[in-house]
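**Student:** fold the following.
(chains A and B)
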Amino acid sequence: MTHFRYEILRMLRNRMFYGITLGLPLVLFYAIASGQRHVIFDGTSFPLYFMTAMAVYGSMYAVVAPGARIARDRSGGWIRQLRVTPLRVRTDLAAKVAAAYLLALPTVVLLYLAGASIGVHLDAAQWLRMTGLIVAGLVPFVVMGFILGYLVPVDALAAALGGLVVLFALLGGVFGFQLATSGPLFDVLKGLPSYWLVQAGRTTVMGGGWPAEAWIVIALWTAVLIPAAALAYRRATSRV
Amino acid sequence: MTITADAGQGIVLSGLSKSYGPVRAVRGLDLTIAPGETVAMLGPNGAGKTTTIDMILGLTRPDKGTVSIFGSPPAVAVRDGWVGAMLQAGAPLDHLRVRELVKVMASYYPHPLDVAEVLRVTGASDFAGQWTTKLSGGQAQRVRFAAALVGDPDLLLLDEPTAGIDVEGRRDFWQAMRAVTQQGKTVVFATHYLEEADAYADRIVLIARGQIVADGPATEIKAQATARTIRATLPGVDARALGTLPGVRSAQRHGDSVVLSCTDADAALAALLGAFPATRDIEVTGGSLEAAFLELTTADADAGHQVMETAR
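**Tutor:** Numbers count the residues shown, from 1 in each chain, chains lettered A, B, ... in the order given. Coordinates of the predicted model:
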């Protein structure tokens, strides 16, 4: 519990980072969506689409953040110090994940408020369902953050994490345009967790939630990434 | 190697081996440490001290051999909070203050010590409010010591705890260490400072090239280490013949002069003059700690073992 509390504290004290995850999506949202309130995009209102996209964008940054802290612990050798305490790795990671989601939540809520302020109307159940989808869809990104944190040298990590988020955001349609809406490229895009994250808003309004396809994509990414993270962890902590 | 009666309760390393590619870092190391003992692992850089400590902690998996900590494998001992370690590197977590870091470490252990008390004992109270990333070398060392100590472990492993610390800082550290180990902790520390091993350990284990080359109480090792040296001019005599004289541990020849490292210089001198009356320019000196240390740790492994036998 103390560990969890200090994980949150460490995150909040990184003000620059926190400011960016919280502020950047909000600024982008107002800058781009406020002029296009009545535009229909991807079968839904642009503000709803872009609100979801920006909430996803900010929370993606939030949930890969533990990777940055892992890398710093690793580069300083503290990760080995932790390994010789009774703290279990899974407790440590659970605390980091919980802290990351807690950091992501204000971003999401802030974007909801911003969306509502320019005319996005959802009922309470819809807001909740959409939040649930975002929470689930972020899981692969949490794990990707861990993997990069274990493998990438600390001085390259900011670029790696930023690149990861931007790449997935771009391909998933976060920036308000989609690279393809049909054909083989579209099929590839639909295999990305970020595509479905962005769809969290639209599918909630249209039909109640994700299709089975989305759940399979998220589950597959998670199933492949978790063993990869375990391998990365072992590589990072053994001295060979 | 003597096995003590309560071996199962102490730290037992048997047949420990580890290679990194072609480098054999640790080669068949056997060591038994009784509970409450303070043991110095003394050896030059690259002797295998850190690898050994990593294997005791379970951070490195041995290629061969086993580690038992109070009767349990390392993973169990670590999980149950019996072990506290001060590793060589350990830049503490950032975005935390010193007191917070020690508190969070305490929270991992089932029966931690009082955080304020630990900060006081380790001399970290004065900068307990400082950010962990803004510490001097000596301060960071105290924080790492506090972090190792706060869980009140039965076994403390310190890997070169005073490396890079000035003389005064070193003395303060060992004073704090003394205060702590009076409470019956088992302490194993690695060092390449001979004086440090001598001053603070009950027992010194000398490690070179991944093997134990000498093992005994500090006083014994010291007596062995401070053996006298005889230098003389004596042309045409085989160094091997000199090496077999009574009281002589080893003999070397440099041109016409010979150097005898002695366990009993008086007996050796008498024997030398008896056997080789032509010996001239005799000079008897007390060997320095450093010279003996170098001799023990740089001799080939077999010679090292002979030295150990002689010492017993």
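**Student:** now the strands for chain B?
**Tutor:** Taking DSSP state E, the strands of chain B run over residues B:11-20, B:23-33, B:38-42, B:64-69, B:83-86, B:155-159, B:186-191, B:203-208, B:211-217, B:228-233, B:248-254, B:257-262, B:280-286.
**Student:** for chain A, same thing?
**Tutor:** Using DSSP E, the strands of chain A run over residues A:40-41, A:44-45.
**Student:** mean neighbour count added to these, as a markdown table?
**Tutor:** The way it works is simple: take the backbone N, C-alpha and C, and place the C-beta from them, glycine included. Shown next, in a markdown table, are the strands of chain A (neighbours: other C-beta atoms under 10 Å in any protein chain shown):
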| stretch | mean neighbour count |
| --- | --- |
| strand A:40-41 | 14 |
| strand A:44-45 | 20 |
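**Student:** neighbours of residue B:81, how many?
**Tutor:** 19 (other C-beta atoms under 10 Å in any protein chain shown).
**Student:** end-to-end on stretch B:125-135?
**Tutor:** 13 Å (C-alpha to C-alpha, to the nearest Å).
**Student:** for residue B:161, give me its contacts.
**Tutor:** Residues near residue B:161 by C-beta atoms under 8 Å, 6 or more residues apart in numbering or on different chains: B:86, B:141, B:144-145, B:173, B:177, B:189, B:191.
**Student:** what about 6 Å?
**Tutor:** By C-beta atoms under 6 Å, 6 or more residues apart in numbering or on different chains, the residues touching residue B:161 are residue B:86.
**Student:** does residue A:129 touch residue A:204 like I think?
**Tutor:** Yes - counting by C-beta atoms under 6 Å, residue A:129 touches residue A:204, with 5.2 Å between them.
**Student:** neighbour count for these two, which is higher?
**Tutor:** residue A:204 (24 against 19).
**Student:** so who does the more buried one touch?
**Tutor:** A:126, A:129-130.
**Student:** how are the helices of chain A distributed by residue range?
**Tutor:** Applying DSSP state H to chain A gives helices spanning A:2-13, A:15-33, A:46-75, A:78-83, A:89-117, A:124-137, A:139-151, A:154-172, A:183-189, A:193-207, A:212-237.
**Student:** mind giving me the packing neighbours of the third one?
**Tutor:** Under the contact criterion of 3 or more C-beta pairs under 6 Å, 6 or more residues apart in numbering or on different chains; DSSP states H and E, helix A:46-75 touches helix A:15-33, helix A:89-117, helix A:139-151, helix A:154-172, helix A:193-207.
**Student:** ok, and what's touching the third one?
**Tutor:** It stands for helix A:139-151. With C-beta under 6 Å, 6+ apart, helix A:139-151 has contacts from A:60, A:63-64, A:66-67, A:70-71, A:97, A:160-161, A:193, A:221-222, A:225-226, A:228-229, A:232-233, A:236.
**Student:** next: the first one.
**Tutor:** Helix A:15-33 is contacted by residues A:47, A:50, A:54, A:57-58, A:61-62, A:107, A:110, A:114 when judged by C-beta under 6 Å, 6+ apart.
**Student:** next one: it to chain centre, how far?
**Tutor:** 14 Å (C-alpha atoms, centre = their mean, to the nearest Å).
**Student:** show me what from chain A comes close to chain B.
**Tutor:** Within reach of chain B by C-beta under 6 Å from any C-beta of the partner chain, chain A has these residues: A:2-3, A:6, A:10, A:13-14, A:72, A:76-78, A:80-81, A:84-87, A:239.
**Student:** which among these end up buried?
**Tutor:** Among the residues of chain A next to chain B, those classed as buried by 16 or more other C-beta atoms under 10 Å in any protein chain shown are A:3, A:6, A:10, A:14, A:72, A:76, A:78, A:80-81, A:84-87.
**Student:** out of those residues, which one has the lowest pLDDT?
**Tutor:** Lowest pLDDT of these: residue A:76, 77.
**Student:** got the residues of chain B near chain A?
**Tutor:** Checking chain B against chain A by C-beta under 6 Å from any C-beta, the hits are B:57, B:59-60, B:78-79, B:81, B:85, B:87, B:89-91, B:93-95, B:104, B:107-109.
**Student:** if any of those are buried, put those into a ChimeraX selection.
**Tutor:** The ChimeraX command for the buried members of those (criterion: 16+ other C-beta under 10 Å) is given here:
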select /B:57,59,60,78,79,81,85,87,90,91,93,94,95,104,107,108,109
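**Student:** in helices, which of the residues of chain B next to chain A fall?
**Tutor:** Reading helices off the residues of chain B next to chain A with DSSP H, I get B:57, B:78-79, B:104.
**Student:** now the residue in the stretch 101-250 of chain B that chain A sits nearest to, what are its backbone angles?
**Tutor:** Residue of the stretch 101-250 of chain B nearest chain A, by C-beta to the nearest C-beta: residue B:107 (3.5 Å). Here is the backbone geometry of residue B:107 (degrees, to the nearest 10): phi -70, psi -20.
**Student:** low pLDDT regions in the stretch 201-312 of chain B?
**Tutor:** B:222-227, B:286-312 (pLDDT under 70).
**Student:** if we can go back for a sec, dump the strands of chain B to TSV, plus distance to residue A:18.
**Tutor:** Shown next, in TSV, are the strands of chain B (distance: least, C-beta to C-beta, whole Å):
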stretch	distance to residue A:18
strand B:11-20	41
strand B:23-33	43
strand B:38-42	45
strand B:64-69	42
strand B:83-86	32
strand B:155-159	36
strand B:186-191	41
strand B:203-208	48
strand B:211-217	52
strand B:228-233	66
strand B:248-254	66
strand B:257-262	65
strand B:280-286	65
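**Student:** nearest to residue A:197, out of those strands?
**Tutor:** Judged by C-beta to C-beta, the one of the strands of chain B that comes nearest to residue A:197 is strand B:83-86, at 41.7 Å.
**Student:** for the chain, which residue occupies the most central location?
**Tutor:** With no chain named, the answer covers chain A. residue A:60 (2.1 Å; C-alpha atoms, centre = their mean).
**Student:** nope, chain B
**Tutor:** residue B:41 (1.8 Å).
**Student:** how about that residue, what does it touch?
**Tutor:** B:49, B:190, B:205, B:207.
**Student:** I figured residue B:53 hits residue B:158, correct?
**Tutor:** No - taking contacts as C-beta under 6 Å, residue B:53 lies outside contact range of residue B:158: 8.5 Å.
**Student:** next one: stretch A:177-191 to chain centre, how far?
**Tutor:** 20 Å.
**Student:** who touches that stretch?
**Tutor:** A:171, A:195, A:217.
**Student:** again with stretch A:109-124
**Tutor:** Contacts for stretch A:109-124 (C-beta under 6 Å, 6+ apart): A:26, A:29, A:34, A:37, A:47-48, A:51, A:54-55.
**Student:** for stretch A:90-110, buried residues please.
**Tutor:** Using 16+ other C-beta under 10 Å as the test for burial, stretch A:90-110 gives A:92-93, A:95-97, A:99-101, A:103-104, A:107-108, A:110.
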